[in-house]
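Asker: Quick one: sequence plus predicted model below, questions after.
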Amino acid sequence: METLETTKTTDIAKRLVDYCRKGDWNGAQQELYSKDAVSIEPMATPEFEKETRGLDAITAKGKKYDSIIEKIHKITVSEPLVAGDSIAFVLGFDVTMKGQGRTNSPELCVYHVKDGKIVSEQFFM
């Protein structure tokens, strides 16, 4: 049985997948994310913290990531799975990174929705 909250989450999942398929991360964040959202990476790297808090910081992280990409060859996004207030899908990047060459990196993306906005995103490789 689908609840009203699940229906909202399904709508958000569809919008999010549409944005991701276009590579429009900023559009997704501005429309769908809470101002207090949290982004969690698989691990900290020299370029990125493991955890980023707040929409402004998440947007800045996205711009920084875009700046180290030389060319996007292909983006693939699976159909989303929705369970209650959670969304999951596989995102595949075929990109050439500046100074690092071409890489293909699929990741599992998991999002949590509360009050009609994405409050967290977490990535698994």
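Answerer: Nice, thanks for sending it over.
Asker: Help me confirm that Ala13 comes into contact with Asp85.
Answerer: No: using C-beta atoms under 8 Å, Ala13 is not in contact with Asp85, being 10.6 Å away. The way it works is simple: take the backbone N, C-alpha and C, and place the C-beta from them, glycine included.
Asker: Which one of those two is surrounded by more residues?
Answerer: A count of neighbours by other C-beta atoms under 10 Å puts Ala13 above the other of Ala13 and Asp85, at 22 against 18.
Asker: That one - that's part of a strand, no?
Answerer: No: under DSSP: H, G, I helix; E, B strand; the rest coil, Ala13 falls outside any strand and is assigned helix.
Asker: Going forward, the N-terminal residue is numbered 797.
Answerer: In the new count, where the first residue is 797, that last one comes out as Ala809.
Asker: Quick one: residues contacting the residue nearest to it when sequence neighbours are not counted.
Answerer: Nearest non-adjacent residue to Ala809, counting by C-beta to C-beta, 6 or more residues apart in numbering: Pro876, 3.9 Å away. Neighbouring residues of Pro876 by C-beta atoms under 8 Å, 6 or more residues apart in numbering: Thr806, Ala809, Lys810, Leu812, Val813, Ile883, Ala884, Phe885.
Asker: Could you dump those residues into TSV and include pLDDT, secondary structure and distance to Thr872?
Answerer: Converted to TSV, these look like this (pLDDT from 0 to 100; DSSP: H, G, I helix; E, B strand; the rest coil; distance: C-beta to C-beta, whole Å):
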residue	pLDDT	secondary structure	distance to Thr872
Thr806	96	helix	21
Ala809	98	helix	16
Lys810	97	helix	17
Leu812	98	helix	15
Val813	98	helix	11
Ile883	98	strand	17
Ala884	98	strand	15
Phe885	98	strand	10
